[in-house]
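**Q** sharing a sequence plus its predicted fold:
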Amino acid sequence: MQAREWAPGDVLADKYRLETELGRGGMGTVFRAEHLVLRSPVAVKLIVPRAADSSEIRTRFVREAQAAAALRSPHVVSILDYGVHGETPFIVMELLEGESLARRMQRVGVLSPMETARILVHVARAVQKAHDSGIVHRDLKPDNVFLVHNVDEEIAKVLDFGIAKTFIGHEAVGAGTQTGAVLGTPYYMSPEQARGTRAVDHRTDTWALGVIVFQCLTGRLPFEGTVLADLLMKICAEPIPPPSSFAPVPGGFDEWFRKATDRDPDRRFQSAIEMAEAFRQIAGAPSVSMAPSASYAAPTQAIIPQSLQLSTSVPAPERKSAVPAIAIALGALLAIAAIAGIVILLVMRSRSEPSETASATPSASAAPTETATSVASAGPSASSAPSKVGTKVSTTSGGKAPAGTQDDVAKAQSDAKNAQTEAAKARTEADKARKEAEAARKALEGIGK
């Protein structure tokens, strides 16, 4: 009994209705389908009829499902179901909305170093998770990297573990590859893989990642040939071309690519995480967690690098210490008090100056006997002096002050007037200082509360 051809509208295993063909390859065809009970969209991959009779292809098909299902990573396509309908094996996967990296490069040409670094980090997490599980992909290429639109971000997922090689201890299990058999896409093959040797390990994937990054930044492949033999010769023997000879690239990328594609696997990057971190630094991309996810619960849940996460918490307002404010207020209060004291002292001194002037005036009189009279009775020469000034002068026995004494009286009156003016100013300053001191005291009490 041969496997059948499938078309949109067919129902698979009484559970999945095929809707639209999404893609076709040498081993299988992928359809968009709907789960009849859950009404959820899925992707279904079926072996094409001409390949269904091959036990090797059927084995690879099962291995693809097992490898992807075992990894459980947000950067690996999720396997939801596996089965056989008649003679047709099928895999049910999560339906991805987006485009392949190959399609992206066809559409935009060259990717920026920042975008390339982000994609490489995601792919490296998936590849590292596979390597840690003893699985080598062996067919990494832009067609097998899918860029998924997920709300406000984009996630890269690795597809198609169909020719993956699984290691238990140091033994390859289920590879189904004979020495001399070349598996994979030639442009991205490592020299050891191109030679068809069995000495292929996880470092063949790091070579392929180096070629993918080269293509992202330059828009072309590092190794090309008109025939397969010519291409394999360039991969295995000819000088490695520097990326900067084809396009502008970030500083240090030539050295990075030389290490990624060293023909001696021991001199290459020894892990996908190591090479992704080295390229991230060259590209100047933000630091992110490089560790592959230990567990993965839901296909739609994406792991966002920590440096890119948006914080939803509002930081608590910083509580300022009251000690500096109290110290400032105390200093201001003391300064105002000092000013007030000085002003009051000046007022007191100003008030004492008239009496000192008056007491000094009699000593200038030549009369042996003195009669104290008010300035108002001293005659016309003193009539202009304010009557409220209590200054006293000495007079002669004839009731008139000498000319020198009259000059002294006028000077004393002038000095008294000036003293009154200064005293009035001093009182105003003192009142102002008292008000400022009171305001400072209230401010200090408010801070203390």
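**A** That came in fine, so what should we check first?

**Q** separation between the closest residue to Leu217 other than its chain neighbours and Ser100?
**A** Leaving aside its chain neighbours, Leu217 sits nearest to Val249 (5.3 Å; criterion: CB to CB, 6 or more residues apart in numbering). Heads up, the C-betas are built off the backbone N, CA and C, glycines and all. Counting by CB to CB, to the nearest Å, the gap from Val249 to Ser100 is 23 Å.

**Q** so which of those two has more stuff around it?
**A** Val249 (21 against 18; other CB atoms under 10 Å).

**Q** surely that one meets Gln215?
**A** No. If you go by CB atoms under 8 Å, Val249 and Gln215 don't touch, sitting 11.9 Å apart.

**Q** could you list the low-pLDDT ranges of the stretch 201-350 of the chain?
**A** Residues of the stretch 201-350 of the chain meeting the criterion pLDDT under 70: 288-350.

**Q** er, the stretch 1-150 of the chain actually
**A** 1-3.

**Q** what segments of it are helices?
**A** For the stretch 1-150 of the chain, the helices defined by DSSP state H, counting those that start in this stretch occupy 49-52, 55-71, 101-108, 113-132.

**Q** list the buried residues of the second one.
**A** What it means is helix 55-71. 57-58, 60-71 (16 or more other CB atoms under 10 Å).

**Q** elements contacting it?
**A** strand 41-47, strand 79-85, strand 88-93, helix 113-132, strand 135-136 (3 or more CB pairs under 8 Å, 6 or more residues apart in numbering; DSSP states H and E).

**Q** show me what the longest one is packed against.
**A** Secondary-structure packing of helix 113-132 (3+ CB pairs under 8 Å, 6+ apart): helix 55-71, strand 145-150, strand 153-158, helix 203-218, helix 272-283.

**Q** could you dump these to JSON lines with distance to Ala416?
**A** Below are the helices and strands packed on helix 113-132 laid out as JSON lines (distance: least, CB to CB, whole Å):
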{"stretch": "helix 55-71", "distance to Ala416": "106"}
{"stretch": "strand 145-150", "distance to Ala416": "94"}
{"stretch": "strand 153-158", "distance to Ala416": "89"}
{"stretch": "helix 203-218", "distance to Ala416": "96"}
{"stretch": "helix 272-283", "distance to Ala416": "88"}
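
**Q** of those, flag the one that's most buried.
**A** Mean neighbour count, computed with mean count of other CB atoms under 10 Å, is highest for helix 203-218 among these, reaching a mean of 25.

**Q** quick check: angle from it to helix 272-283?
**A** 20 degrees (axes from the mean of the first three to the mean of the last three CA atoms, to 10 degrees).

**Q** would you mind listing the buried residues in the helix or strand following helix 203-218?
**A** Per DSSP states H and E, the first helix or strand lying C-terminal to helix 203-218 is helix 228-236. If you call a residue buried by 16+ other CB under 10 Å, then helix 228-236 has these buried ones: 231-232, 234-235.

**Q** ok, residues contacting helix 228-236?
**A** By CB atoms under 8 Å, 6 or more residues apart in numbering, the surrounding residues in contact with helix 228-236 are 186-187, 189-191, 194-195, 223-225, 263.

**Q** the same query, at a cut-off of 7 Å, please.
**A** Helix 228-236 has contacts (CB atoms under 7 Å, 6 or more residues apart in numbering) with 186, 189, 191, 194-195, 223-225.

**Q** one more: stretch 141-148?
**A** Under the contact criterion CB under 7 Å, 6+ apart, stretch 141-148 has outside partners 96-102, 104-105, 119, 123, 154-160, 185, 188, 208, 212, 215.
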